[in-house]
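Asks: Okay, here's the prediction I keep looking at, along with the sequence it came from:
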Amino acid sequence: MLPLSLLKTAQSHPMLVELKNGETYNGHLVSCDSWMNINLRDVICTSKDGDRFWRMPECYIRGSTIKYLRIPDEVIDMVKEDAQAKSRNRAEMNKNRGGNSSQNQNQRAPRSGNRNGFGVRNGPGGGGGLGNGNMRPGPSGQGNRPPAQGNKLRK
Amino acid sequence: MSGLESYINHTVSIITADGRNFIGTLKGFDQTINIIIDECHERVFSTTAGIEQIVLGLHIIRGDNIAVIGLVDDTVDARLDLANIRGEPLGPVVH
């Protein structure tokens, strides 16, 4: 499991972020990108010594300043569901393309196909198109995050 | 393949650049050594009292901040009498 997929799954959940300078930020994760830059809502910032507090409606944190993130325990199980859904999709894809080859290596077919076999993929038409959609890392169809934002992030 | 792959789902001990020690189950990592540790707890060393364990839960630690990742032998670790181990806390990494 990749740390950034876990972080993406944690969108809309509360979390604690400690920065390298020792400040901590408590808030709900709105969005994150592949650099670990994050958007928090309803934030409480705590100074390094822990005796001063600031409340702010939202904040944006540059990923490179983060030391660690503390995330609710249940989020890790939600990633597993994501992964299972993806492998299910992959299995379905393989069924769709089953006519092409009957070997067990078929499990890897979508990946290598992606790299080498553009012509092959365009052949089966609709099936290939569907598979292509499922291959994208982002839209796994869990519906936890607002699609518009997700799309912006991916640009 | 990175040597970390074989640590996945095992107990690891992380020493961070600020000198802290986190123990937990390694659930994942990426190319910048950002890591996921589940059931994470921090061990705080002191010269005047035993090791204090602070339960933290699920953590993502950014790779920048990681100095050492060590595989923990659970049977050996379970035998440790943390309350009677004294030690100086580590300082931060000096650049």
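Replies: That came through, no problem.
Asks: close enough to count as contact, residue A:39 and residue A:29?
Replies: Yes: if you go by CB atoms under 8 Å, residue A:39 and residue A:29 touch, sitting 7.3 Å apart. Bear in mind the C-beta positions are built from the backbone N, C-alpha and C, glycine included.
Asks: So between those two, which is more surrounded?
Replies: Comparing residue A:39 with residue A:29 by other CB atoms under 10 Å in any protein chain shown, the one with more neighbours is residue A:29, at 23 against 19.
Asks: got the residues of chain A near chain B?
Replies: Those residues of chain A that sit near chain B, judged by CB under 8 Å from any CB of the partner chain, are A:1-4, A:6-7, A:20, A:36, A:63-64, A:66-73, A:75-76.
Asks: buried subset of those residues?
Replies: Buried subset of the residues of chain A next to chain B (neighbour count, 16 or more other CB atoms under 10 Å in any protein chain shown): A:1-4, A:6-7, A:36, A:63, A:66-71, A:75-76.
Asks: what's the closest of those to residue B:18?
Replies: Nearest to residue B:18 out of these is residue A:67 (CB to CB; 7.1 Å).
Asks: Report pLDDT for the closest one.
Replies: Confidence at residue A:67, expressed as pLDDT, is 95.
Asks: Parallel or antiparallel, list what pairs with the host helix or strand of it.
Replies: Here residue A:67, judged by DSSP states H and E, is contained in strand A:66-71. As defined by DSSP bridges, the strand partners of strand A:66-71 come to strand A:14-19 (antiparallel), strand B:52-61 (antiparallel).
Asks: Check what contacts the shortest one and list those residues.
Replies: Pointing back at strand A:14-19 there. When contacts are defined by CB atoms under 8 Å, 6 or more residues apart in numbering or on different chains, strand A:14-19 is touched by residues A:24-29, A:38, A:40, A:61, A:65-72.
Asks: what is the closest residue to chain A within chain B paired to in the beta sheet?
Replies: Closest residue of chain B to chain A, CB to the nearest CB: residue B:28 (3.6 Å). Beta-bridge partners of residue B:28, counted by DSSP bridges, are residue B:36.
Asks: What ranges does the chain have for its helices?
Replies: As the question left the chain open, I've gone with chain A. Secondary structure of chain A, counting by DSSP state H: helices at A:3-9, A:75-96, A:109-116, A:118-122, A:126-135, A:147-154.
Asks: I was thinking of chain B, sorry if that wasn't clear
Replies: B:74-79.
Asks: wait, what's in contact with residue 21?
Replies: Using chain A here. Residues near residue A:21 by CB under 8 Å, 6+ apart: A:48, A:65.
Asks: not what I meant, chain B
Replies: For residue B:21, the contacting residues are B:13-15, B:42-45, B:90, by CB under 8 Å, 6+ apart.
Asks: Could you single out the nearest of these to residue A:49?
Replies: The closest of these to residue A:49 turns out to be residue B:44 (CB to CB; 16.8 Å).
Asks: The closest one against residue B:56, yeah?
Replies: No: Residue B:44 lies out of contact with residue B:56 (CB under 8 Å); the separation is 11.6 Å.
Asks: Neighbour count for these two, which is higher?
Replies: Ranked by neighbour count (other CB under 10 Å), residue B:44 and residue B:56 place residue B:56 first, with 17 against 14.
Asks: Thanks a lot, see you next time.
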